[in-house]
Structure formats: structure tokens, C-alpha cells
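Student: Structure, please.
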Amino acid sequence: MPKTDSVIVKITLLFIFSSISFILFVLYFISSEIDKNNIAIEQRYYSVVDNVNDLLKFGYSLDSLQTYLFDIGYYQVNDEVISKVSQKYLLNYIQNDQIVVNMKKINNHYYITIDDFENKAHFVYTDYKISKDYTTYHLIALLAFITLIFFYILVLKSLLPLSLLRREVNKFANGNMDIKVISDNVDEIGDLSREFAKAANKINEMNKARILFLRAIMHELKTPITKGRIVTEMLSDTKAKDRLISVFTRLNTIIDDFAKIEEMNTHNYKISKTKFKLIDLIQNINKMLLIEEERPRNVMLINRESEILADFDVMSLSVKNLLDNAIKYSDDQRVVIFVDGSDLVVQNKGKPFKDDINKYFSPFYSDGSDNKQKGLGLGMYIIKNTIDAQGFVLDYKYIDGNHYFYIKDCIISNIANDE
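Tutor: I've put the predicted structure just below:
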């Protein structure tokens with residue numbers, strides 16, 4: 001079913017309205033012309049009847065009247081022409097002794113009748129030969145209507161590439177970079193199609209260059225990390241060795257996370273949802289997080305046995321960044337994770353955000369807060385994108401000095417088992 005706000009639908013409705021208006025105008029115009037012509041004929045017959053009656057007053061004979069009518073273009077017709085139909089007298093003049101002259105309109109034709117009562121004769125005259133030809137008007141109207149249809153089809157043909165262009169835009173938005181020019185028209189839509197194809201190809205080349213650049217950086221970063229890990233294995237100090245191994249593992253995990261985010265941004269990562277328990281998710285996050293003794297992680301987990309339906313790796317990345325941000329910016333460095341209906345909630349105490357929450361979802365955003373632990377401003381960006389990629393919604397509330405982040409509709413089984 002076509003959308004009512006579609007341009008093509010609007011143009012079609014406009015064409016229908018214009019066509020109806022045009023047809024009504026043509027009918028009105030022709031009817032008006034017919035009425036004008038009939039009025040003119042009627043006035044002419046009035047005038048002739050008046051003249052004939054004036055001649056009667058001056059004593060003209062019947063033959064003289066007939067000669068007069070013949071001279072001004074009237075001819076006699078068979079009385080049967082009007083005797084077979086009902087007669088409507090438009091004028092009824094007083095008889096002049098034995099002769100009465102009248103005008104009659106029968107089937108849209110006008111006639112002059114002369115009744116000779118003395119000789120019991122009846123005469124009918126008319127100047128009618130053929131009715132006025134309105135074929136020209138009809139032909140002009142038909143040609144105009146055909147022209148209107150032609151321009152309607154021409155406009156539709158020009159607009160049809162818009163639907164194809166919309167499909168190409170949707171393909172581009174969904175990550176399909178194989179964009180082609182869909183219109184060779186020399187109008188604005190054709191220009192738009194060509195410019196869009198150029199822009200899409202340019203963006204595609206830029207994305208390829210960006211992906212190549214990021215992969216090169218990740219490769220170059222992994223090389224010193226691997227070397228550092230090898231050197232760490234040679235240390236004799238167990239405590240320092242474990243700590244450095246944890247650091248290098250953490251750095252390697254961060255690079256892998258960025259690679260995963262890059263895949264999701266380029267629509268190359270396929271989301272695979274499975275069922276898992278909340279406690280399993282948190283245990284995996286604990287392995288991903290870098291332990292720092294100077295920043296204890298006090299996390300209270302509620303509903304630990306609740307089940308989640310999501311992509312385990314991507315959800316781990318989402319919640320890990322939520323926890324990391326919550327602890328980093330918490331006033332008491334305590335975080336509560338619990339289930340509210342079908343939503344997973346991360347709560348921490350802290351000062352309200354200076355700006356609108358949506359601004360923090362932008363990469364590298366900073367509100368100017370002076371925080372020694374402040375990073376690159378990618379945490380919220382990663383959270384938002386990884387949650388959106390799974391088809392969930394991230395909601396936020398600030399109530400009584402506490403931040404609440406909701407991952408909506410990811411819980412499929414809520415089991416109250418507190419820890």
C-alpha cells in the first residue's frame with residue numbers, strides 16, 4: 001500500500017483533481033457556449049416575429065410575409081416536423097383578423113408559424129440548416145487532456161528513480177557500499193543520483209583507508225605487547241611478573257575490543273545471541289578489567305542467577321564499560337548491578353552530568369570535568385554502540401544522587417538470588 005505522504009501519491013492526487021476540474025470546466029464552457037448560442041437564436045427569432053407582426057399591422061398579405069421570410073433566409077418546412085411533438089409557445093401574439101404569427105421551440109430548435117384561419121392553412125418556417133458545430137471545442141479539450149496525461153506520465157517517469165535511490169540509500173546505511181548510479185536523467189534527480197554515487201564511493205574509499213590504518217596500528221601495537229609479554233615471562237619477581245602479564249593481557253583485550261567495535265561499525269560483525277547467566281557475564285567482565293589496588297572495585301551483584309539473551313562477547317564489552325565508568329566516576333566507588341523486570345540496571349552514586357546524556361555518547365566527548373582518571377571519552381560511545389548493535393535500548397535516569405543505566409529487555413528470566 002503506497003504511503004499517503006509519498007510524492008508520487010501527492011502528484012497522482014493532484015493529477016486526478018486537475019483532471020476532474022478540467023473536465024468540469026470543459027463541460028461548463030461548452031454548456032455556456034450552447035446557452036449563449038441559443039439565447040442569440042432566440043433573440044433573432046423574437047426580432048423576426050416582431051417584424052412580421054409589424055408588417056401585418058401595415059396590411060401586408062400572407063404572400064408578402066412569406067416573401068419577406070424567404071428574403072431574410074427562412075424556408076418553409078413540413079408541418080409534420082412540429083406536429084409530432086408537444087408545442088411550447090414562447091410568444092403568443094394577438095391575431096390580426098385571420099392571420100396569427102408565433103414562435104415555437106421544439107427539441108432545441110426554433111420555428112416561426114403562420115396560421116391562416118381564413119384559408120385554414122398552416123405554415124412553418126425556420127432558418128435552421130445544421131446546429132452549430134462544437135466538435136472543435138471537444139477536440140481542443142481532448143488534446144488538452146491528452147497533454148495533461150502526457151505531462152503526468154513524464155513527471156512520474158522522472159520521479160520513479162527516487163524509489164530506487166531510496167533503496168540505494170538504505171543499502172548504504174546498512175553497510176553495503178556497492179552503490180551504482182540508478183538514473184541517467186539530465187534533471188535534478190539524475191544529478192542527485194550521480195552525486196550520491198560519487199559521495200558513497202568516496203566514503204567507501206575513506207572507510208577502506210581508515211580500516212587499513214586502524215588494522216595497521218593494531219598490528220603495530222600487538223607486536224610490542226607480544227614482546228613485552230615474552231620479556232615478562234623472564235622476570236623472577238612473581239608479583240611484578242603477574243602484574244605485568246595482567247597489564248599486557250588488558251592491553252591486548254582493549255585492542256581486540258576496538259577491533260570488534262570497528263567490525264560492528266562497518267557491519268561486518270554478526271550478532272549471535274545466546275542464553276547465559278548474569279553471574280557468568282560478571283565473571284567474564286572481571287577477567288577483562290584491569291585490577292588496580294589503588295582503586296578497589298566494590299561491586300554488589302543482585303539477581304546473579306537471572307538469565308540474559310544477548311551476544312555474550314558484545315554484552316560483556318557493554319557492561320564492562322558501564323562498570324568501568326560507574327566505578328571511575330562514583331563518589332564512593334561502589335556499583336550495584338540488579339535486574340528490574342526485563343531490564344539490567346547498573347547503579348552508582350555520583351554528581352549529575354553537566355550536559356545532556358546524549359552528548360556523552362559521542363566519541364572523544366568531554367564535558368570539561370577535572371578527573372585524573374578521565375580517559376579518551378570513548379567509554380559511553382562504546383556502550384551505546386554495542387547495545388544498539390544487539391537491538392537493545394540504553395535508558396538513563398538520575399534519581400536522588402544516583403545514576404541508573406538500563407539495558408532494556410535483555411533479561412529473559414529474573415531469579416532473586418542476592419549476593
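
Student: C-alpha only now, for contacts and for neighbours.
Tutor: Will do.

Student: so what's residue 117 up against?
Tutor: Shown in contact with residue 117 (CA atoms under 8 Å, 6 or more residues apart in numbering): 98, 99.

Student: For residue 308, list the residues it contacts.
Tutor: With CA under 8 Å, 6+ apart, residue 308 has these contacts: 274, 275, 276, 277, 278, 410, 411, 412, 413.

Student: For stretch 121-141, measure first residue to last.
Tutor: Using CA to CA, to the nearest Å, one end of stretch 121-141 lies 48 Å from the other.

Student: rewinding a little: just the buried ones from the contacts of residue 308?
Tutor: Buried members of the contacts of residue 308, counted by 16 or more other CA atoms under 10 Å: 276, 277, 278, 410, 411, 412, 413.

Student: Quick one: low-confidence residue ranges for the stretch 201-350 of the chain.
Tutor: Applying pLDDT under 70 to the stretch 201-350 of the chain flags the ranges 265-268, 289-297.

Student: quick one: the strands in it?
Tutor: For the stretch 201-350 of the chain, strands defined by DSSP state E, counting those that start in this stretch occupy the ranges 274-277, 298-301, 307-310, 334-340, 343-349.

Student: So for residue 357, which of those strands sits nearest?
Tutor: Closest approach to residue 357 among these (CA to CA): strand 343-349, 15.3 Å.

Student: CA atoms of that closest one as CSV?
Tutor: The C-alpha trace of strand 343-349 is given here as CSV (Å, rounded to 0.1, in the frame of the first residue of the first chain):
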residue,chain,number,x,y,z
ASP,A,343,16.0,-4.7,32.3
LEU,A,344,19.6,-5.0,33.5
VAL,A,345,20.4,-2.0,35.7
VAL,A,346,23.8,-0.5,36.7
GLN,A,347,23.6,2.0,39.6
ASN,A,348,26.3,4.2,41.1
LYS,A,349,26.3,7.3,43.3
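
Student: Partner strands of it and their direction?
Tutor: strand 334-340 (antiparallel), strand 402-407 (antiparallel) (DSSP bridges).

Student: so what does the very next helix or strand once past it touch, helix or strand wise?
Tutor: Where DSSP states H and E defines the elements, the next helix or strand beyond strand 343-349 is helix 379-389. For helix 379-389, the packing partners by 3 or more CA pairs under 8 Å, 6 or more residues apart in numbering; DSSP states H and E come out as helix 238-265, helix 312-328, strand 394-399.

Student: 7 Å instead, please
Tutor: helix 312-328 (3 or more CA pairs under 7 Å, 6 or more residues apart in numbering; DSSP states H and E).

Student: Give me the distance from the helix it packs on to the chain's centre.
Tutor: On the basis of CA atoms, centre = their mean, to the nearest Å, helix 312-328 sits 37 Å off its chain's mean C-alpha point.

Student: go on, stretch 191-200?
Tutor: 20 Å.

Student: Then stretch 332-345?
Tutor: 40 Å.

Student: Kindly report the same for stretch 108-117.
Tutor: 69 Å.

Student: Now do the buried residues in it.
Tutor: Buried residues in stretch 108-117 (16+ other CA under 10 Å): 110, 111, 112, 113, 114, 115, 116.

Student: Verify the contact between the fourth one and residue 105 for me.
Tutor: Going back to what we said before, that points to residue 113. No: contact criterion CA atoms under 7 Å: residue 113 and residue 105 do not qualify, at 10.7 Å.

Student: Where do the helices of the stretch 101-250 of the chain begin and end?
Tutor: 135-159, 161-173, 188-232, 238-265 (DSSP state H, counting those that start in this stretch).

Student: ok, so what distance separates residue 402 from residue 334?
Tutor: Taking CA to CA, one finds residue 402 at 11 Å from residue 334.

Student: Now do the same contact list for the closest residue in space to residue 394 that isn't next to it in sequence.
Tutor: Distance criterion CA to CA, 6 or more residues apart in numbering; nearest residue to residue 394, sequence neighbours excluded, is residue 407 at 4.9 Å. Applying CA atoms under 7 Å, 6 or more residues apart in numbering to residue 407 gives the contacts 343, 344, 345, 392, 393, 394, 395.

Student: how about a cut-off of 8 Å?
Tutor: 343, 344, 345, 387, 392, 393, 394, 395.

Student: who does the last one bridge with?
Tutor: Partner residues in beta bridges with residue 395: residue 406, with DSSP bridges as the criterion.

Student: Wasn't residue 60 part of a strand?
Tutor: No: Residue 60: not assigned to a strand; according to DSSP: H, G, I helix; E, B strand; the rest coil it is coil.

Student: Measure how buried it is and give me the count.
Tutor: Applying other CA atoms under 10 Å, we find 13 residues neighbouring residue 60.

Student: Over to residue 341?
Tutor: Residue 341: 14 neighbours (other CA under 10 Å).

Student: Would you mind measuring from the closest residue to residue 307 other than its chain neighbours to residue 312?
Tutor: Closest residue to residue 307 apart from its sequence neighbours, by CA to CA, 6+ apart: residue 277 at 4.4 Å. As defined by CA to CA, residue 277 lies at a distance of 10 Å from residue 312.

Student: before we move on, the earlier item: pull up the overlap in contacts between residue 402 and residue 334.
Tutor: What both residue 402 and residue 334 touch, as defined by CA under 8 Å, 6+ apart, is the set 348, 349.

Student: Same drill for the two, tell me which one is more crowded.
Tutor: Each of residue 402 and residue 334 has its neighbours counted (other CA under 10 Å); residue 334 has more, 19 against 16.
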